[in-house]
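K.L.:
with the sequence up front, the predicted model follows.
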Amino acid sequence: MMHHAQIAQRAFNTPLMVDPAKALSFLSGMGPRITGQEITFHGVDLPAPTAEHTTPPARASLFSNDLAQRHQRNGSQPFAVVDGIAVIEIAGTLVHRGAWIGQSSGLTSYEGIAAQLQAALADPGVRGIALDIDSFGGEVAGAFDLADRIRAARAQKPVHAFVAEHALSAGYVLASQADRIILPRTGAVGSIGVVALHTDMSGALDQKGIAVTLIHAGAHKVDANPYQPLPEAVHDQMQRELEVVRFLFADTVAAGRGDRLTHAAALATEAFVFRGADAIAAGLADEIADPVTAFRSFAAAPRGTTTPSRKGPQMTTTPEISADATTPVATPTVAAAPEPPTAAANATSTTMTADAIRAEAAEVAQVCAQAARLGVTIDAADAVTRGLKPEALRARVLADLAARSDAAGIIATAPAAAAAKDSPIIAAAKKAATDAKR
């Protein structure tokens, strides 16, 4: 049974890393069911997708591995194993929560992928992991956390991504964390961007004589509601949020790809989709090959040897028992690729964790707020998008204030709460004022 309210909640007013054409195709098919009437798109004519039906999934938890354990209790693994390689399918629309393994009604859940990944790492009979990817993307929620887990898995066992035509948006977030990305000649990767959908039903309601009154507490409680046109201020706020997510998207890709696709280069793609040889040239993939042939080469690598590659960790199968002697793991021999001199300049941005990115973004926002109290306007979202560091922003504020020659007036604008512990901007301003009086 389709739960339209849940679908609408996942599809509208939330950031999505999905190919725009796929999103419009989804809306043309499901939109009438969700809104109760036909939906039209200016200049777009897309066929409705074919519905699929399957058995409702069982329950699961973010904090346990019941999904994989259920399969193991039945005497099976939650993935196919071919010559010691665990094959994890990442196909269709990607969603955050979903207590099932593989596809369900055309959806693949991050929970299910994580369960398979954990089981593959714990299985001593698995010496490598193949991500079988064919996805236009999906939800932002959960994508970056799963990407971190895939990247961490490379320290235990080699991970190769085999693109069966499409690894776009959220699909590319996951593919980019593999040691290598292999795609066919017509394969498409990229779309490093974010999109949010908003539906305006006010005109249709007016035609039917229906008036909707939203009674709410909190000025922003009904932002982006579907019963009125999207206000410009709300639109701008959503745009800023999407830019921050795009920044995290690019940073996650850079963490997985290293010098092959830096943070700045990922942002510079402007969500463009690359195919075949163009994807290799742009650093979004590593090899053009028939996925089946490439997988056979990956699986045929003998134990104790490495898969030929000039980038990333290589395959090894030297077994080692973990400290608790309960979970066998495979410790890979890592052939470190030499870093070019320019890589040092990007080291900070390419190795920062998601928590570090959020912390830095928060610090940037704090600097911008302090600057605003001093009469200096800086767009925080723009600063985050451009990767400006807090130190650079503070220097910019001080330079602006120095140019105005009003350092003495800055001290008076500092909030009383900051008296106990001045911000770096206020402290520097006080010092400048004191020096000016001498």
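P.N.:
Yep, it's here. Residues are numbered from 1 along each chain as shown.
K.L.:
going forward, measure contacts between C-alpha atoms and count neighbours the same way
P.N.:
Will do.
K.L.:
need the distance between the two termini of stretch 137-155.
P.N.:
Stretch 137-155 has an end-to-end distance of 26 Å (Cα to Cα, to the nearest Å).
K.L.:
which residues touch it?
P.N.:
With contacts defined as Cα atoms under 8 Å, 6 or more residues apart in numbering, stretch 137-155 is touched by 10, 15-19, 92-96, 110, 114, 117, 121, 159, 167-174, 177-179, 249, 252, 256, 313, 331-332, 354.
K.L.:
give me the mean pLDDT for that stretch.
P.N.:
Averaged over stretch 137-155, pLDDT sits at 95.
K.L.:
may I see the buried residues of that stretch?
P.N.:
Across stretch 137-155, burial judged by 16 or more other Cα atoms under 10 Å covers 137-144, 146-148, 150-151, 153-155.
K.L.:
okay, Gly283 and Arg246: tell me how far apart.
P.N.:
From Gly283 across to Arg246, the span is 18 Å (Cα to Cα).
K.L.:
next: Ser202.
P.N.:
From Ser202 over to Arg246 the distance is 30 Å, taken as Cα to Cα.
K.L.:
the more surrounded of those two?
P.N.:
Legend: neighbour count by other Cα atoms under 10 Å for Ser202 and Arg246, higher for Arg246 (23 against 16).
K.L.:
helices or strands up against the helix or strand where Val173 lies?
P.N.:
Assessed by DSSP states H and E, Val173 sits inside helix 170-175. If you count contacts as 3 or more Cα pairs under 8 Å, 6 or more residues apart in numbering; DSSP states H and E, helix 170-175 packs onto strand 85-95, strand 128-139, helix 143-153, helix 232-257.
K.L.:
which helix or strand in the chain has the lowest average pLDDT?
P.N.:
Sorting the helices and strands of the chain by mean pLDDT, DSSP states H and E puts strand 319-321 at the bottom, at a mean of 34.
K.L.:
what is the mean pLDDT for the helix or strand harbouring Ala399?
P.N.:
Assigned by DSSP H and E, Ala399 belongs to helix 390-404. Averaged across helix 390-404, the pLDDT comes to 73.
K.L.:
please save the CA atoms from the helix or strand encompassing Ile182 in PDB.
P.N.:
Element membership of Ile182, judged by DSSP H and E, is strand 180-183. What follows is strand 180-183, C-alpha atoms only, in PDB (Å, rounded to 0.1, in the frame of the first residue of the first chain):
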ATOM      1  CA  ARG A 180      37.900   2.700  -8.000                       C
ATOM      2  CA  ILE A 181      35.000   3.600 -10.200                       C
ATOM      3  CA  ILE A 182      34.400   1.700 -13.400                       C
ATOM      4  CA  LEU A 183      31.800   2.600 -15.900                       C
END
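K.L.:
partners of that strand, with directions?
P.N.:
Each strand paired with strand 180-183, and its direction, by DSSP bridges: strand 159-168 (parallel), strand 287-288 (parallel).
K.L.:
returning to that earlier point: list the buried residues in the helix holding Ala399.
P.N.:
With burial defined by 16+ other Cα under 10 Å, the residues of helix 390-404 counted as buried are 390, 393-394, 397-398, 401.
K.L.:
stretch 244-252 now?
P.N.:
Buried residues in stretch 244-252, counted by 16+ other Cα under 10 Å: 244-252.
K.L.:
quick one, what contacts Val245?
P.N.:
Going by Cα under 8 Å, 6+ apart, Val245 touches Val194.
K.L.:
against Leu393, how distant is it?
P.N.:
Val245 sits 21 Å away from Leu393 when distances are taken as Cα to Cα.
K.L.:
next one: Arg260
P.N.:
In this view, Arg260 and Leu393 are 29 Å apart by Cα to Cα.
K.L.:
what do you get for Gln156?
P.N.:
The span separating Gln156 from Leu393 equals 40 Å under the rule Cα to Cα.
K.L.:
cool, and Thr252?
P.N.:
As judged by Cα to Cα, Thr252 and Leu393 stand 24 Å apart.
K.L.:
hmm, back to that, now, the most widely separated pair of the buried residues of stretch 244-252?
P.N.:
With Cα to Cα as the measure, no two of these lie farther apart than Val244 and Thr252, at 12.4 Å.
K.L.:
residue ranges with poor pLDDT in the stretch 301-438 of the chain?
P.N.:
Applying pLDDT under 70 to the stretch 301-438 of the chain flags residues 302-356, 358-359, 362, 373-374, 401-438.
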